[in-house]
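# My questions concern the predicted model and sequence given below.
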Amino acid sequence: MIKNNSMEVIHLRPDNKIIDILIGKINGKLFACENYCPHRGASLSKSTISYSNQRIICYLHDFEYNISTGKLENIPPKWLHQNPEWKKSNDLVIYKIIEKENNIYVDIP
Ligand code: FES
């Protein structure tokens with residue numbers, strides 16, 4: 001069971017691969033995503049959550065990703081004049097997650 005407004009990393013080993021997934025609950029809503037920031041790979045488990053707009057804010061450069069859609073929604077103004085190539089980022093990889101009878105299920109494609 002995941003406590004509300006908390007998150008933790010789980011380590012999966014499917015098919016000899018290692019996948020680190022960040023799971024959590026924001027305002028009662030579960031989420032699951034890859035633990036690594038799509039910008040430069042920082043561990044998102046060290047990041048903060050914006051509860052008001054459902055975003056995870058990467059601790060390394062403060063890019064903000066929507067925790068439901070995975071979309072990059074904000075790059076802080078301090079990076080405005082940074083090289084456009086440096087600012088490029090894929091979206092965050094999101095996984096389906098459900099909680100049933102005190103068990104957590106994450107759908108890994
Ligand atoms: S590594 Fe996450 S914002 Fe740059």
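Arrived safely. Residues are numbered from 1 along each chain as shown.
# what's the nearest residue to residue 27 if we skip its chain neighbours?
Of all residues not flanking residue 27 in the chain, residue 51 sits nearest, at 6.0 Å (Cβ to Cβ, 6 or more residues apart in numbering). C-beta coordinates here come from the backbone N, C-alpha and C atoms, glycine included.
# Ok, residue 66 next?
residue 73 (5.3 Å).
# those strands in this structure, which residues are they?
Under the criterion DSSP state E, strands of the chain are mapped to 6-12, 19-26, 29-34, 48-50, 55-57, 64-66, 72-74, 96-100, 103-107.
# okay, now residue 23: neighbour count?
Residue 23 has 20 neighbouring residues, counting by other Cβ atoms under 10 Å.
# ignore the last one, residue 66
19.
# returning to what we had before: return the distance of the residue nearest to residue 66 relative to residue 53.
8 Å (Cβ to Cβ, to the nearest Å).
# More neighbours: these two, which one.
Relative neighbour count places residue 73 above the other of residue 73 and residue 53, with 15 against 11, counting by other Cβ under 10 Å.
# With that, I have no additional questions.
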